[in-house]
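>>> With the sequence up front, the predicted model follows.
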Amino acid sequence: MLLLFAVLMLVVAALMLRPRAVRVGDASPTSNLLPRLGSTGFATGGLAGFFGIGGGFLVVPGLMLAGRMEIIQAIGSALLTVGAFGLTTAANYALSGLVDWRIAIEFIGGGFAGGWLGALGAHRLARTRGALNRVFVAAIVAMALFILWHEVRCL
């Protein structure tokens, strides 16, 4: 299963390197994009559920493809949607008493600090044409190669 996931990551990375014919500066999709966004969201959710991943690495390219967004807008939109889903799930787990609060608070604190620094870096990279895309693709490829290496080594 992880080998398939790594291959999927490499396919997504390759698709992100393709030049885009149309660039739209507005992050708001037009009504004719809504069916594309819905079907891409459905596919992303299905793949995320199948592979047991959060789906963030699929959501960003999906928003760029279906919503014709720039990567910085897709990252912000993806974080908001994933955050909303995560908040709902976190509240459910917390109400069920299934949260180790000490560990959760420490992890959240680190996440806030890392998220703030990451957003600063993303904004800086977004100013240089294609730089943020290349960094995102490099991260996906590096993770895919690590997974492939680990899985092949364990065979």
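That came through fine. Numbering: from 1, shown residues only.

>>> For the residue lying closest to residue 3 once chain neighbours are set aside, what is the enclosing helix or strand?
In space, and not counting its chain neighbours, residue 3 is closest to residue 151: 5.2 Å by C-beta to C-beta, 6 or more residues apart in numbering. Every C-beta, even on glycine, is put in place using the N, C-alpha and C of the backbone. Residue 151 is part of helix 131-154 when elements are defined by DSSP states H and E.

>>> buried sites along that helix?
132-133, 136-137, 140-141, 143-144, 147-148 (16 or more other C-beta atoms under 10 Å).

>>> Which one of the residues you listed is nearest to residue 44?
Closest approach to residue 44 among the buried residues of helix 131-154 (C-beta to C-beta): residue 140, at 14.4 Å.

>>> so who does that closest one touch?
With contact taken as C-beta atoms under 8 Å, 6 or more residues apart in numbering, residue 140 is in contact with 9-10, 12-13, 16, 57.

>>> Run through the residues that contact the closest residue to it other than its chain neighbours.
Residue nearest to residue 140 in three dimensions, not counting chain neighbours: residue 13, with 4.4 Å by C-beta to C-beta, 6+ apart. The contact partners of residue 13, taken as C-beta under 8 Å, 6+ apart, are 137, 140-141, 144.
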